[in-house]
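> this is a predicted model, with the sequence first.
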Amino acid sequence: MTTPLIEFRNVTKCFGGRNVLDGIDLKIYEGEVTTIIGLSGAGKSVLLKHIIGLFVPDSGTILFRGKPVTQMTKEEINQALSQMSYMFQGNALFDSLTVYENIALPLRETTNLKKEEIHRRVMARIEQTELTEAADKFPSELSGGMQKRAALARALVTDPKIVLFDEPTTGQDPVRKNAILSMIAQYQRKFDFTAILVSHEIPDVYFISNRVLALYQGKIVFQGTPEELEEFDHPFNDEVISSLEALQKELTGLYSRRQFKVLNSAQMQRKKTGEPFSVVVFNLVDVDHLMVNLGPDVVHEAIRRMCMYIDKHFGIIGGFSTRFNTSEIVTVLPHSNLEEALSVLDDFARDFRGQGIKDVWNWAGVRRLVAISGPITFTIVAGVAEGIPINKIETIINAARGDQREIWSATMNS
């Protein structure tokens with residue numbers, strides 16, 4: 001069995017006579033994105049600060065690569081901490097320093113590297129996070145999204161193996177939250193670090209996390225995959241998951257996957273035996289390439305508009321939809337057979353090529369970025385499959401995925 005990168009065993013921490021962490025047990029594995037979710041004030045940031053050594057537990061054991069921290073030498077502890085970086089809530093950029101100087105600061109303060117090597121590393125991160133034009137600007141001159149990128153570049157400049165994110169989406173609007181999370185996922189894949197996030201308001205937790213930990217009343221009440229979280233039966237659901245679902249609806253106009261499953265189950269129970277239904281699976285092709293060229297903000301705004309257009313078109317005939325990952329939207333048509341669903345999809349494609357494209361792609365900001373990056377091709381594919389109530393919805397979704405065809409493609413030029 002794989003040894004966890006970080007493990008807590010019965011960790012307790014009290015403040016003012018209150019157990020903020022009450023016998024915490026958790027495991028975090030190397031190379032994954034782990035998200036710790038819970039209500040505001042639940043102790044998520046306290047937990048994070050135990051990982052980086054800012055807090056010491058009152059009782060219990062913290063292990064790093066299988067070895068209790070209390071049994072590690074000072075040199076071993078320093079070596080472990082040197083592998084970690086921390087992206088603070090609110091970015092914590094220094095207003096008196098330029099973007100370049102903010103990013104260079106960890107290297108200047110914690111290493112003996114020569115000036116030339118520091119410059120090389122800083123410029124590499126600036127280019128990789130698309131901040132070249134902002135290098136000499138001050139944080140107050142940047143947009144919120146660029147400030148997040150600057151904070152991330154600073155966190156990555158020391159080549160960490162582990163990056164911790166404390167409430168990275170706090171204070172952002174729904175689209176910005178989604179873009180920030182996608183940016184983190186994109187760079188996690190690019191630089192191959194272990195990501196640990198804490199948040200009380202993640203609408204995209206299903207899309208970017210390998211594992212989710214739920215902190216509730218001082219305890220970790222759930223550890224597992226996003227899919228397993230959907231089936232988790234606990235009071236935690238009522239207080240936290242419901243708020244995530246509300247934010248998900250606000251973000252895309254679509255249902256959460258949990259609400260989607262409930263709706264689908266209810267529809268199947270109402271149906272007469274053998275009466276068919278259909279599933280349509282939409283995908284925006286090569287979304288990672290689009291994000292690299294246009295940035296997460298633009299792509300997620302486009303996806304949000306596409307989701308809302310799908311919901312508007314299919315919702316009026318009784319369909320209901322959800323996002324299964326960043327760029328995949330699944331729609332169930334409870335009262336349509338395959339022939340009817342294909343006809344509805346053709347109508348949607350025609351409508352989308354007309355008015356829909358104006359609503360989804362032609363919005364301020366895209367053409368300016370295309371002028372910089374060069375022509376960009378957007379392609380949407382869709383597949384349709386028919387099922388009956390005795391079929392598992394996952395089986396029909398997979399069948400639709402296996403029969404996708406292009407329903408729209410266009411190259412945007414400046």
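Arrived safely.
> for residue 150, give its distance to residue 100.
Here the criterion is Cβ to Cβ, to the nearest Å. By it, residue 150 lies 9 Å from residue 100. In short, each C-beta sits where N, CA and C put it, glycine included.
> who's more crowded, these two?
The residue with more neighbours, out of residue 150 and residue 100, is residue 150; 26 against 19, by other Cβ atoms under 10 Å.
> secondary structure element for residue 22, which one?
Applying DSSP states H and E as the criterion places residue 22 in strand 18-28.
> C-terminal to that strand, what's the next element?
strand 33-37.
> export that following strand as PDB, just CAs?
What follows is strand 33-37, C-alpha atoms only, in PDB (Å, rounded to 0.1, in the frame of the first residue of the first chain):
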ATOM      1  CA  VAL A  33      -4.900  17.500  -5.700                       C
ATOM      2  CA  THR A  34      -6.400  17.200  -2.300                       C
ATOM      3  CA  THR A  35      -9.200  19.600  -1.300                       C
ATOM      4  CA  ILE A  36     -10.200  20.100   2.400                       C
ATOM      5  CA  ILE A  37     -13.700  21.500   2.500                       C
END
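> burial count for residue 133?
Residues lying near residue 133 (other Cβ under 10 Å) number 11.
> who does the strand holding residue 22 pair up with?
The strands beside strand 18-28 in its sheet (DSSP bridges) come out as strand 6-15 (antiparallel).
> need the contact partners of the partner strand.
Strand 6-15 is contacted from outside by 19-28, 43, 46-47, 50-51, 55, 57-64, 66, 162, 196, 220, using Cβ atoms under 8 Å, 6 or more residues apart in numbering.
> that strand to strand 33-37, inter-axis angle?
On the basis of axes from the mean of the first three to the mean of the last three Cα atoms, to 10 degrees, strand 6-15 is oriented at 20 degrees to strand 33-37.
> after the host helix or strand of residue 382, next one along is what?
According to DSSP H and E, residue 382 maps onto strand 376-387. Where DSSP H and E defines the elements, the next helix or strand beyond strand 376-387 is helix 393-401.
> same for that following helix, what does it pack against?
Judged by 3 or more Cβ pairs under 8 Å, 6 or more residues apart in numbering; DSSP states H and E, helix 393-401 is in contact with strand 277-284, strand 328-333, strand 376-387.
> so can I have TSV of those strands showing mean pLDDT, distance to residue 79 and mean neighbour count?
Shown next, in TSV, are the helices and strands packed on helix 393-401 (pLDDT from 0 to 100; distance: least, Cβ to Cβ, whole Å; neighbours: other Cβ atoms under 10 Å):
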stretch	mean pLDDT	distance to residue 79	mean neighbour count
strand 277-284	92	43	24
strand 328-333	89	41	24
strand 376-387	88	44	19
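> JSON lines for those, including distance to residue 232?
Supplementary listing: the helices and strands packed on helix 393-401 in JSON lines, determined by distance: least, Cβ to Cβ, whole Å:
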{"stretch": "strand 277-284", "distance to residue 232": "25"}
{"stretch": "strand 328-333", "distance to residue 232": "21"}
{"stretch": "strand 376-387", "distance to residue 232": "26"}
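> go through the ones you listed and name the closest to residue 5.
strand 328-333 (29.5 Å; Cβ to Cβ).
> what about residue 139, distance to residue 101?
For residue 139, the distance to residue 101 (Cβ to Cβ) stands at 10 Å.
> swap in residue 72?
For residue 72, the distance to residue 101 equals 34 Å [Cβ to Cβ].
> same check on residue 164?
Distance of residue 164 to residue 101, given as Cβ to Cβ: 23 Å.
> ok, these two, which is more surrounded?
More neighbours surround residue 164 than the other of residue 164 and residue 101, with 24 against 17 (other Cβ under 10 Å).
> buried members of the contacts of strand 6-15 into ChimeraX, please.
This is how ChimeraX selects the buried members of the contacts of strand 6-15, with burial counted by 16 or more other Cβ atoms under 10 Å:
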select :19,20,21,22,24,26,27,28,43,46,47,50,51,55,57,60,62,63,64,162,196,220
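> which residues of the stretch 101-250 of the chain score low on pLDDT?
By pLDDT under 70, the low-scoring segments of the stretch 101-250 of the chain are 170-176, 178-179, 200-207, 230, 237-250.
> for it, what spans make up the strands?
Along the stretch 101-250 of the chain, counting by DSSP state E, counting those that start in this stretch, strands occupy 162-166, 194-199, 211-216, 219-224.
> mind giving me the packing neighbours of the shortest one?
Where contact means 3+ Cβ pairs under 8 Å, 6+ apart, strand 162-166 is packed against helix 44-51, strand 84-87, strand 194-199.
> want to try a markdown table for those, with distance to residue 294 as columns?
Output for these, formatted as a markdown table (distance: least, Cβ to Cβ, whole Å):
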| stretch | distance to residue 294 |
| --- | --- |
| helix 44-51 | 31 |
| strand 84-87 | 23 |
| strand 194-199 | 23 |
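> most packed of these?
Neighbour counts (mean count of other Cβ atoms under 10 Å) averaged over each of the helices and strands packed on strand 162-166 peak at strand 194-199, with a mean of 25.
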